[in-house]
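**Student:** The following comprises the amino acid sequence and a computationally predicted model.
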Amino acid sequence: MLALSLSLSIFNGTHREPSAPAIVEKITEDSLYDNHVNNIYNEINLEYTGLSRSVFEKALTGFYNLKKSGQVSEDKSILSIADFDKNSTEKRLWIIDLNKKKLILNTWVAHGQRSGADKATRFSNSNDSFQSSIGFYLTAEIYRGQHGRSLRLDGMDEGFNSNARRRSIVVHGADYVSQGTINALGRLGRSQGCPAVPSELSDLVINTIEGKTVLFINVTDQRYTSRYLDQHMAAAFANNFDQQDSTIYQDSTLNI
């Protein structure tokens, strides 16, 4: 009898299972968010442009969480994604208007000289590393520097890109980001760590993404972590935000 009493006491005190409604609620929310991401991804036809669904989900999750934190411009819904899992010869920069469900631009983007040749494999947050930095950025102010009209960036991931402004990591145009360079070298030219874009498109890129919009530079790296990749928080924010008109899971319409 004593043994049974102790057994029940241990079970009740240290092995309590989560309630069924809590489990169901989490599964339901995760499933709805997954469907929400799929709907946007498919509506913009991003698969056909070479942007993977998993990279888009990470970028969108970060967008929602940065929006939730109040750091993103209230009147803009621009999300930019650079996928450095891809070679430099591929058009690996996407600029997306989430409100209009529209792909604005898909083009080339350079990585840092010491990050690799055709493919970026090394990354740094240190000054004078001449390497790219991964993670979430907020675009900032336009200025004119040694590369002409350029756009400053603020890194949002401590330890991964938080020194971006100090390192002068900016968006700028470069002649070495071109088909001609690919034909000559078999790859794009490389920057000193900046996400450089084609010269002829630099004004369009800068004008579109300036002023506190989100840029996500993706690399599949187990060491990379970000508080902005919390899907549970992103799902809750996206759902609550859109309830002003209708739940996002009903029509996947983003009014951001």
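**Tutor:** Okay, I see it.
**Student:** So what sits opposite Gly155 in the bridge?
**Tutor:** As for beta bridges, Gly155 partners with Tyr137 under DSSP bridges.
**Student:** Could you check how far it is from Ser191?
**Tutor:** Between Gly155 and Ser191 the distance is 16 Å, computed by CB to CB, to the nearest Å. Every residue, glycine included, has its C-beta placed from N, CA and C.
**Student:** can you check Asp154 too?
**Tutor:** Noted for Asp154: a distance of 18 Å to Ser191, by CB to CB.
**Student:** So between these two, which is more surrounded?
**Tutor:** Ser191 (23 against 18; other CB atoms under 10 Å).
**Student:** What are the phi and psi values at the nearest residue to the more buried one once chain neighbours are set aside?
**Tutor:** Distance criterion CB to CB, 6 or more residues apart in numbering; nearest residue to Ser191, sequence neighbours excluded, is Ala110 at 4.8 Å. Recorded main-chain torsions at Ala110 are phi -90, psi 160, according to degrees, to the nearest 10.
**Student:** Verify the stated contact: Ala110 with Gly189.
**Tutor:** Yes. Under the criterion of CB atoms under 8 Å, Ala110 makes contact with Gly189 at 6.3 Å.
**Student:** Please identify which of the two sits among more neighbours.
**Tutor:** For Ala110 versus Gly189, neighbours defined as other CB under 10 Å are more numerous around Ala110 (28 against 18).
**Student:** Tell me where the stretch 1-150 of the chain has helices.
**Tutor:** Assigned by DSSP state H, counting those that start in this stretch, the stretch 1-150 of the chain shows helices spanning 2-14, 20-43, 53-68.
**Student:** now do the stretch 151-256 of the chain
**Tutor:** Going by DSSP H, counting those that start in this stretch, the stretch 151-256 of the chain shows helices at 179-185, 202-209, 231-242, 248-251.
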